[in-house]
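Undergrad: what would the 3D arrangement of this be:
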Amino acid sequence: MSPINTEQLWNKSFILCLANNLFLFVFYFAQTTILPIYILNELHGTLAQAGLAMTLFMASSIAVRPFSGLIIEKFGRKKTLYVSEALFCLFSFAYLFADNLSFLLVIRFLHGIWFSILTTVTVPIANDFIPAQRKGEGMGYFVMSINLGIVLGPLLGLTLIQPLSYPMVAGILAAIICIGFIFCFMIPIQTEAKPVQTKGKPHLSLQDFVEKKALPVSIMAMIISFSYASIMSFISTFAESKNLLPYASLFFVVFAISMMSLRPITGKIYDRKGPNYVVYPAIALFSIGLIVLSQINTLTGLMLAAVFIGMGFGSAQPCLQTISIQRSPKDRIGHATSTFFTFYDIGIAVGSILLGAVIAHQGYSFAYLLCAVITALSLVFYKIFVDRKHNAA
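TA: The predicted model follows:
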């Protein structure tokens, strides 16, 4: 029996996909955490230059993301996975030789390109090994491997960078991503039939970059990722303003525990009752968490906000991603994934810029209240453009 058709969620192929994805994001978040320390302390750079290293990675990733579906369609999932992960591993080792800021910035920009393609192709591959009746649960666990990386990556990076030099830590992290690469060759990826070539001069259209059926839910994801940017980009400085900086990392630990505690439940609810039973309460919890965050002054309040945000955003994001995949044709899952992540990344990038300006002029409390309102109002968009389309289908 083909592993794609099995009713067992925890089959060998799906576990290998999870392991590969976990190692990828452990590397990504560990490197993201320790790189500013290296730039400031050893390369004697500025905060602006440390921020530029982060921005260049995201900029190249966002720029390439719309092309990722087209690349997967042209070269196939197996070849795209092998090549993109091989080059991602190669650039991971390049950090060992980044002894000046200019070279490091070039590495960051080129690394972001392969990160974008790699994180796009892994989704349709993993989706192939999830039983049709358990897509919500399976994609929930797949996204959870990313969230585990959010916790384990910084923990590993910060633990290693204290006793070891940056090149030594970079070497360990590169070895970790290479282990993930080995898992790729153990995944039985089916070779897809090549698309029929039409005669005449080839030309690109919007369909080559965007999966229209995934567009409404991708815009929904962009709205909530805009609000999540207030957490990802500013929780540390917010905690510092409340004299809670030593507990900023604990926020993400509580966030992850809250998210993982609900993941098995929300996935089953999605599969048995439909996405609405997850999306509406999840968005409500996310909004409540942002309201709590806007009013807190104590560690207890910070942890309470982490619980609500972890349960809310942590449940909504994989649910929306699963909707984008399920509503798209099977041969367009790569395009659906690139569409979803393009809008998701845009939400993070725009949110980081605009909310930074809001915080500078109005303060953290106003910014988090604003995000709470935007998050709550996103349910109106969901009802009109996502839920209605589902009911009409």
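Undergrad: residues near the nearest residue to residue 233 once chain neighbours are set aside, how many?
TA: Sequence neighbours aside, residue 352 is the residue nearest to residue 233 in space, at 4.4 Å (criterion: CB to CB, 6 or more residues apart in numbering). Where C-beta positions appear, they are placed from N, C-alpha and C, glycine not excepted. Number of residues near residue 352 (other CB atoms under 10 Å) recorded here: 19.
Undergrad: mind checking pLDDT for residue 352?
TA: What the model reports for residue 352 is a pLDDT of 82.
Undergrad: for the residue nearest to the spatial centre of the chain, which non-adjacent residue is spatially closest?
TA: Centroid check for the chain by CA atoms, centre = their mean gives residue 146 as the closest residue, at 6.6 Å. Leaving out its chain neighbours, the residue that sits closest to residue 146 by CB to CB, 6+ apart is residue 25, at 5.0 Å.
Undergrad: would you mind measuring from that neighbour to residue 328?
TA: Residue 25 sits 24 Å away from residue 328, going by CB to CB, to the nearest Å.
Undergrad: now residue 100
TA: As judged by CB to CB, residue 100 and residue 328 stand 44 Å apart.
Undergrad: those two: who's more crowded?
TA: With neighbours defined as other CB under 10 Å, residue 100 and residue 328 compare such that residue 328 has more, 22 against 10.
Undergrad: is it correct that that one is in contact with residue 213?
TA: Yes: using CB atoms under 8 Å, residue 328 is in contact with residue 213, at 5.0 Å.
Undergrad: mutual contacts of these two, please.
TA: residue 336 (CB atoms under 8 Å, 6 or more residues apart in numbering).
Undergrad: so which bits of stretch 355-366 are buried?
TA: Residues of stretch 355-366 classed as buried by neighbour count (16 or more other CB atoms under 10 Å): 355-356, 358-359, 364.
Undergrad: now stretch 274-288
TA: By 16+ other CB under 10 Å, the buried positions in stretch 274-288 come out as 275-276, 278-279, 281-288.
Undergrad: from these, which land in strands?
TA: Using DSSP state E, no member of these falls in strands.
Undergrad: as CSV, those residues with pLDDT and distance to residue 68 would be great.
TA: Listed next are the buried residues of stretch 274-288 as CSV, based on pLDDT from 0 to 100; distance: CB to CB, whole Å:
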residue, pLDDT, distance to residue 68
275, 94, 24
276, 95, 29
278, 95, 27
279, 96, 25
281, 97, 32
282, 97, 27
283, 97, 27
284, 97, 32
285, 97, 31
286, 97, 27
287, 97, 31
288, 97, 35
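Undergrad: using TSV, lay out those together with distance to residue 319.
TA: Listed next are the buried residues of stretch 274-288 as TSV, based on distance: CB to CB, whole Å:
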residue	distance to residue 319
275	6
276	10
278	5
279	6
281	11
282	7
283	10
284	13
285	12
286	12
287	16
288	17
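Undergrad: and the residues you listed, which is closest to residue 322?
TA: Nearest to residue 322 out of those is residue 275 (CB to CB; 7.3 Å).
Undergrad: from residue 289, how far out is the closest one?
TA: Taking CB to CB, one finds residue 275 at 20 Å from residue 289.
Undergrad: check residue 182 too.
TA: Distance, residue 182 to residue 289, using CB to CB: 38 Å.
Undergrad: and residue 322, by the same measure?
TA: According to CB to CB, residue 322 and residue 289 sit 22 Å apart.
Undergrad: kindly report the same for residue 43.
TA: Residue 43 is 37 Å from residue 289, where distance means CB to CB.
Undergrad: these two - which one has more neighbours?
TA: Set residue 43 next to residue 289 and count neighbours by other CB under 10 Å: residue 289 wins out with 28 against 18.
Undergrad: wait, the more buried one sits on residue 315?
TA: No: counting by CB under 8 Å, residue 315 is not a contact partner of residue 289; they are 11.6 Å apart.
Undergrad: which residue ranges of the stretch 101-250 of the chain form helices?
TA: Per DSSP state H, counting those that start in this stretch, the stretch 101-250 of the chain carries helices over the ranges 101-127, 135-161, 166-184, 215-232, 235-241, 248-273.
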